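Trainee: model the following, please.
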Amino acid sequence: MTQLLNPNRHAKRVKISAKLGMILTSCLLASACTAASVPAGSPEHEANHSDVSNNDAVAKNKETQVLQQAKQIKDDLAAGNYEALTPYIHPVKGVRFSMYAYIHKDADKVFRREQFTTYLQQSRVKFTWGAKDGTGDLYITTLPSFLDHWVAAQQYDFKDATFNQFQGSGNSLNNLKEVYPNADFVEFYHSGKNPEYQGMDWRAMRLVFEDYQGKSYLVAIVNDQWTV
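Mentor: Sure thing, here's the model as predicted:
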């Protein structure tokens with residue numbers, strides 16, 4: 001049975017549609033008027049522009065400070081002046097060492113300031129730092145030896161450093177931003193030197209910083225390289 005259209009109902013729908021159209025038009029006009037009410041050059045416009053400029057300046061200043069800290073830490077590591085790192089270590093969280101890009105939150109070695117100093121002096125104490133890629137052999141050595149041979153900061157040049165930007169990327173998962181979502185990091189990158197490896201002998205060292213009481217402190221040193 002065919003349903004007949006009710007002309008009165010149709011007319012009501014037309015009126016409702018017309019009203020909705022008028023309301024939408026009014027909203028768009030109001031938005032346009034609001035945007036136009038803050039003309040360029042007005043105090044309000046200049047204030048907004050000033051806030052953006054100030055935020056950019058603060059961000060740039062922080063980047064410069066973190067890069068300077070990272071350079072000093074890298075230079076101290078490269079020179080074997082390990083005790084000089086102590087003031088840069090986070091006062092509460094200490095510093096984590098990760099052998100590869102994937103950070104093992106429950107297994108990586110973490111040293112508080114006093115522990116770091118102690119085990120630099122007690123250089124015969126050995127730690128298990130993790131498993132080597134490819135062989136699975138445990139890497140067991142002292143703190144000074146780990147800094148000498150695994151961190152190996154002497155191979156990096158500051159001119160190749162990047163702020164909050166990854167350069168090296170291999171098969172290993174990189175979860176730095178998941179583990180440290182509010183951190184800044186500086187990556188030192190070495191592209192490799194043996195042509196036979198076609199660039200697969202690259203290395204990277206990431207110094208990770210978090211803010212504490214208005215200052216950036218080192219919370220992690222993450223190494224990375226090509227993995228199988």
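
Trainee: residue boundaries of the helices in this structure?
Mentor: Ranges of helices in the chain, per DSSP state H, are 7-36, 43-78, 113-121, 143-146, 176-179.

Trainee: average model confidence for the third one?
Mentor: This means helix 113-121. Mean pLDDT, helix 113-121: 97.

Trainee: what's next to it, contact-wise?
Mentor: 82-83, 85-86, 89, 91, 94-95, 111, 125, 127, 142-144 (Cβ atoms under 8 Å, 6 or more residues apart in numbering). From N, CA and C alone the C-beta is placed, and that goes for glycine too.

Trainee: in ChimeraX, how would I select the buried members of the residues you listed?
Mentor: Buried subset of those, written as a ChimeraX selection, criterion 16 or more other Cβ atoms under 10 Å:
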select :82,85,86,89,94,95,111,127,142,143
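
Trainee: reformat the contacts of helix 113-121 as a markdown table; add distance to Ser216.
Mentor: Converted to a markdown table, these look like this (distance: Cβ to Cβ, whole Å):
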| residue | distance to Ser216 |
| --- | --- |
| Tyr82 | 20 |
| Glu83 | 20 |
| Leu85 | 14 |
| Thr86 | 15 |
| Ile89 | 12 |
| Pro91 | 12 |
| Gly94 | 15 |
| Val95 | 13 |
| Phe111 | 18 |
| Val125 | 29 |
| Phe127 | 26 |
| Thr142 | 28 |
| Leu143 | 23 |
| Pro144 | 25 |
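
Trainee: in strands only, show me the contacts of helix 113-121.
Mentor: Counting by DSSP state E, those place Val95, Phe111, Phe127, Thr142 in strands.

Trainee: surely the last one and Lys126 touch.
Mentor: Yes: the pair Thr142 and Lys126 passes the contact test of Cβ atoms under 8 Å, sitting 5.4 Å apart.

Trainee: quick one: contacts for Thr141?
Mentor: Taking Cβ under 8 Å, 6+ apart as the test, what Thr141 contacts is Lys126, Phe127, Trp129, His149, Trp150.
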